[in-house]
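Student: can't give you the sequence, but here's the structure:
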């Protein structure tokens with residue numbers, strides 16, 4: 001098992017000085033990136049996996065650096081967090097995912113990211129470049145005691161930023177707590193530079209430096225030369241592409257359907273084994289629905305890219321047999337999907353034997369693109385699908401079920 005620990009130390013007033021971060025054997029040089037007027041930061045920070053007591057802050061740099069997060073309960077900050085692995089502070093890397101621990105539920109925190117360029121990593125001394133810090137940002141930890149929660153869903157953008165930017169404008173005035181990209185937003189990722197450009201655009205649009213974001217794989221994130229590196233950009237509970245989390249009154253369960261064809265299809269060159277991955281998730285799902293966090297949740301929301309119900313009858317659909325019976329007895333209140341490029345809502349039992357309403361978002365064009373809004377209150381869970389013109393393409397309400405497990 002990989003051993004990780006995260007260091008959080010109080011900083012004095014002078015601790016921000018780059019000169020105090022270097023030892024006598026380190027040579028400080030001017031960084032090429034800064035000399036050209038470029039930022040060290042390849043992407044702005046984006047919030048991942050925020051719980052009641054922790055938050056992960058991710059970002060990438062243009063060159064290899066030593067990076068850390070300065071944070072606190074106000075803009076005075078005062079604390080420092082960095083990743084330590086087997087006694088070494090993580091450095092000489094470009095991708096950063098640093099977790100702040102021992103936070104308090106429902107509380108606001110301020111932070112900024114910091115990176116110091118490594119010009120040369122010698123055995124006996126590092127040659128340093130410039131240090132760069134971001135503007136101070138704020139975020140709030142999750143609050144399980146709250147009955148209110150709002151999140152927005154995007155799906156099947158397929159790299160089409162004009163469609164995404166139009167949809168973002170339609171929710172610009174909405175006060176939401178989380179964004180979810182429900183697959184096929186990165187179209188067949190071939191190279192890191194294009195993926196990072198898209199990631200930065202998506203994060204900027206949904207204000208991911210202050211509001212947490214979840215990125216799920218669809219079948220198209222699994223195709224292309226960079227597809228095996230794509231998961232490293234996200235930080236999910238448990239470190240898997242399938243996971244669960246509690247946010248406000250909602251227990252979210254996220255599944256990963258993998259590809260939309262048999263593993264043996266010629267297009268995959270013999271490099272897929274999603275059949276085993278599906279079985280692995282089925283076993284995990286059986287355990288998840290027995291957890292107190294799931295049973296005691298006021299609402300239960302299922303999220304995965306490819307819908308089990310609502311597909312063409314001839315479509316590849318192993319999940320209906322393998323996951324369907326478990327999902328149907330789990331007591332989900334609603335499920336949210338994409339893939340078909342056609343926005344539609346199926347009430348229970350209208351697209352098969354599903355016991356919960358199935359919500360499917362639209363596609364990558366102006367004529368079928370959608371953003372889905374999920375709102376929870378003490379009395380109901382509501383879903384609204386908006387098209388690119390800001391008009392309602394579908395809506396559904398689920399009254400809160402007063403289950404035996406969460407009777408007060």
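Tutor: Okay, I see it. Everything numeric in this text was worked out from a predicted model, so none of it was measured. Numbering: from 1, shown residues only.
Student: what bridges to residue 302?
Tutor: residue 253, residue 335 (DSSP bridges).
Student: in contact with it, which residues?
Tutor: 253, 255, 327, 332, 334-336, 356 (Cβ atoms under 8 Å, 6 or more residues apart in numbering). Where you see a C-beta, it was placed from the backbone N, CA and C, and this is true even at glycine.
Student: which of these sits closest to residue 320?
Tutor: Closest to residue 320 out of those is residue 327 (9.5 Å), distances taken as Cβ to Cβ.
Student: what is the three-state secondary structure of the closest one?
Tutor: helix (DSSP: H, G, I helix; E, B strand; the rest coil).
Student: cool, and residue 286?
Tutor: Per three-state DSSP, residue 286 ends up helix.
Student: that one against residue 326, yeah?
Tutor: Yes. Here residue 286 reaches residue 326: they are 6.1 Å apart, a contact under Cβ atoms under 8 Å.
Student: of the two, who's got more company?
Tutor: Taking other Cβ atoms under 10 Å, residue 286 and residue 326 do not tie; residue 326 has more neighbours (15 against 11).
Student: ok, the more buried one - contacts?
Tutor: 282, 285-286, 289.
Student: now do residue 41
Tutor: With Cβ under 8 Å, 6+ apart, residue 41 has these contacts: 59-62, 113, 115, 132, 134.
Student: out of those, name the ones that lie in strands.
Tutor: 59-62, 113, 115, 132 (DSSP state E).
Student: what ranges do the helices span in the chain?
Tutor: Taking DSSP state H as the criterion, the chain carries its helices at 18-21, 32-35, 161-169, 192-205, 274-288, 292-295, 318-322, 324-330.
Student: picking that back up, which one of the contacts of residue 302 is nearest to residue 365?
Tutor: residue 336 (20.2 Å).
Student: and that closest one, what does it touch?
Tutor: 153, 180, 182, 301-303, 359, 361, 372, 374, 383.
Student: distance of it from residue 253?
Tutor: Going from residue 336 to residue 253 by Cβ to Cβ, to the nearest Å gives 11 Å.
Student: quick check: residue 235 touching residue 56?
Tutor: Yes. Residue 235 is in contact with residue 56 according to Cβ under 8 Å; the separation is 4.4 Å.
Student: so which residue is dead centre in the protein?
Tutor: Note on the chain: the residue nearest the mean C-alpha position is residue 214, at 1.9 Å, using Cα atoms, centre = their mean.
Student: need the pLDDT of the closest residue to it other than its chain neighbours.
Tutor: Excluding its sequence neighbours, the residue lying closest to residue 214 (Cβ to Cβ, 6 or more residues apart in numbering) is residue 180, at 4.6 Å. Residue 180 carries a pLDDT score of 98 in this model.
Student: can I see the domain layout of this protein?
Tutor: 5-140, 149-406 (automatic domain parsing).
Student: now, of the ones you listed, which is deepest in the fold?
Tutor: domain 149-406 (a mean of 18; mean count of other Cβ atoms under 10 Å).
Student: what touches both of residue 235 and residue 56?
Tutor: 48-49, 97, 99.
Student: is it true that residue 141 touches residue 55?
Tutor: Yes. Residue 141 is within contact range of residue 55, at 6.5 Å (criterion: Cβ under 8 Å).
Student: quick one: the strands in the stretch 101-250 of the chain?
Tutor: Listed in chain order, the strands of the stretch 101-250 of the chain (DSSP state E, counting those that start in this stretch) span 108-122, 125-133, 137-140, 149-154, 178-182, 213-216, 243-247, 250-254.
Student: no, scratch that, I was asking about the stretch 251-400 of the chain
Tutor: Under DSSP E, counting those that start in this stretch, the stretch 251-400 of the chain gives strands at 299-303, 334-337, 344-346, 358-360, 370-376, 380-387, 392-399.
Student: can I get those strands in CSV with distance to residue 126 and mean pLDDT?
Tutor: Below are the strands of the stretch 251-400 of the chain laid out as CSV (distance: least, Cβ to Cβ, whole Å; pLDDT from 0 to 100):
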stretch, distance to residue 126, mean pLDDT
strand 299-303, 43, 98
strand 334-337, 47, 98
strand 344-346, 56, 98
strand 358-360, 51, 98
strand 370-376, 45, 98
strand 380-387, 50, 98
strand 392-399, 55, 97
